[in-house]
Every structure is written in structure tokens, then in C-alpha cells.
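[1] Provided below are the primary sequence and the corresponding predicted coordinates.
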Amino acid sequence: MSTRDSQPKLVSPEGGPAPVTLAEIIKDPPSPHRGADGEYFALGFPEEVLTFIAGQVDQSSKTLETGCGLSTTVFALLGTQHIAISPAAYEFEQIKEYCHARDIATDQICFYAEPSELLLPNLACDLLDLVLIDGRHGMPAPFIDFYYTSRKLKVGGLLVIDDTWLWTGRVLKDFLLAEPEWALEIDFPPRTAVFRKLADGSENKEWADQKFVVENSEFKLGLVPLSYSAAAIGYLRRGEYLTLAKRIATVAGRSLKKSNDRS
């Protein structure tokens, strides 16, 4: 379900306080997350990452994030045409309340109170300038978020992956490092990595065309004759998976027989 904040932007009276700054938001962040005890709390976000994002987008930029928190407030402050996705509707209410108290408009944000894996497949939006993946981090959520948002990100746009210190985030980062369609724009170890999209299509390739998958698989095309490697790729591209499986079993059987004969 999508909701746009209908409350008008508050206007400070002449001579009133100066507009809030990014530094002030980082120092005094919102607390949209709710614990088991019902208390609300804040989760930090790297200041250097938020500062970087602030230097890459403006009010004409189209942005999207999975998750909700301090970053959502920063996108509101920057005035981007933003999409925020989180299944916890109460988080959005906390963000709106925080922003309204500081005269930060939120009417340019489209809030979707739904799980990203259910929303993203059918989400219609303009091509995006920046995507932040920072929703659920359990398997396979970050990969689902990447699969669908990468298609909506324009060539030349930025993909920000948070929590690369977790296994799921690290694998996604390592995968993109090996893909020619993506280039590491800047790294904020150990937590966040930013990639620039150079071309479409990385999410649609078969495993034999993805360097990271090949190099981290027990079955490596480089360990079999070149003629077989070419044939295997051909089977994959034609969708002849059963034939490929039979060929793999045959090659594996021959290798096992040779190993047993040597012993």
C-alpha cells in the first residue's frame, strides 16, 4: 500500500530558526524502530556515506531505498523524488513526525508499507538515479532487492549496498566487483559499498557468464577441456539444462573412474 504524506510543508516565520542541516540530523537522528518492549530507538548510518549521497543527488533526482530510518530523513532533507519501502508502517509515521517537527517536507516521498520482495516485482516508477539497499538482510532479501531495483536503476546511476559486513551484503558486493556491468564508485569499509551501473543485464546472465559464480563453484569450466566448456555454455544459453546435467554427470563419472584407477 502506497501513501504520500498529505500534510503541508511547515514554513518557518520570518526571523525563525534556520533550516535544519545534515549535520544536525546525523547528530540527533530519528528513532523509527520499535523494540520488543515497545520502545522506539535509532539505528546509526555512516556519516561519510550520507555525506557522499548528499553530494550526488538533488531535488530533480529519483531515488529509492529498501528499509527506513536516518537515510529516509536525509532523502527528505535533500528533497529527492523518493520511494521508501518497509513493511513496518509505524516507522514511516515516526519519520514523518520527526520531519514535520523540523520543517522538513515529506510530500515528495512515496511510502510503501509492504515487504520489498512483494512490492518490487510490480512497482512502476521512472528510471532511478540512486538506489539504497538497506532493508532485510537475511537470505535471500538483499539479492531480491538487487534483482528488481537494478532493472529500475538507470545506466550511470548509483547502487548503495549497506551492511556489507554481513554475509549477504558481502556476497552481493563481491559479485558486483566481478561484473563488467558495474564499477565500484567508492568503498566505505567495512560497512557500505557504492557501485555505478555501467550497463544493463547483469542480473539476467546465466551462471557460466558470471565470473563470481564460476570462480566460486566446485564445477569450474576452466577445469574441463575447452571444447566442453564451450558446449556447456551453449547448453545454458539454449536452456538445455537436462542435457547439460547429463554431460556433467558423465564427465564427473569419468573423473571419478580415473581417480579410482590411479589409486
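    Received the coordinates, thanks. Just so we're clear, the structure is a prediction, and the values are computed from it rather than from any experiment.
[2] In terms of secondary structure, what does the strand or helix carrying residue 24 contact?
    If you go by DSSP states H and E, residue 24 is part of helix 22-27. Applying 3 or more C-beta pairs under 8 Å, 6 or more residues apart in numbering; DSSP states H and E, one finds that helix 22-27 contacts helix 47-54, helix 70-78. C-beta here means a position set from N, CA and C on the backbone, and glycine is covered the same way.
[3] Dump these to TSV, plus mean neighbour count, distance to residue 149 and mean pLDDT.
    Converted to TSV, the helices and strands packed on helix 22-27 look like this (neighbours: other C-beta atoms under 10 Å; distance: least, C-beta to C-beta, whole Å; pLDDT from 0 to 100):
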stretch	mean neighbour count	distance to residue 149	mean pLDDT
helix 47-54	17	15	97
helix 70-78	24	15	97
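[4] average pLDDT for the next helix or strand after the helix holding residue 24?
    Per DSSP H and E, the first helix or strand lying C-terminal to helix 22-27 is strand 33-34. Strand 33-34 shows an average pLDDT of 90 in the prediction.
[5] Adjacent strands (with direction) for strand 33-34?
    strand 40-41 (antiparallel) (DSSP bridges).
[6] average model confidence for the strand it pairs with?
    In this model, strand 40-41 has a mean pLDDT of 84.
[7] and residue 54, what does it touch?
    22, 74, 78 (C-beta atoms under 8 Å, 6 or more residues apart in numbering).
[8] do the same with residue 128
    For residue 128, the contacting residues are 62, 63, 64, 149, 152, 153, 154, 157, by C-beta under 8 Å, 6+ apart.
[9] Which members of these are classed as buried?
    62, 63, 64, 149, 152, 153, 157 (16 or more other C-beta atoms under 10 Å).
[10] Now flag whichever of these is closest to residue 249.
    Closest to residue 249 out of the buried ones among the contacts of residue 128 is residue 149 (37.1 Å), distances taken as C-beta to C-beta.
[11] Give me the spatial nearest neighbour of that closest one, chain neighbours excluded.
    Leaving aside its sequence neighbours, residue 149 sits nearest to residue 131 (C-beta to C-beta, 6 or more residues apart in numbering; 4.5 Å).
[12] quick one: that neighbour and residue 152 touch, right?
    Yes. Between residue 131 and residue 152 there is a contact at 7.4 Å, judged by C-beta atoms under 8 Å.
[13] Paired strands for the longest strand seen in the chain, with orientation please.
    Selection of the longest strand in the chain by residue count, based on DSSP state E, yields strand 153-161. If you go by DSSP bridges, strand 153-161 pairs up with strand 128-133 (parallel), strand 192-197 (antiparallel).
[14] Kind regards, and thank you for your time.
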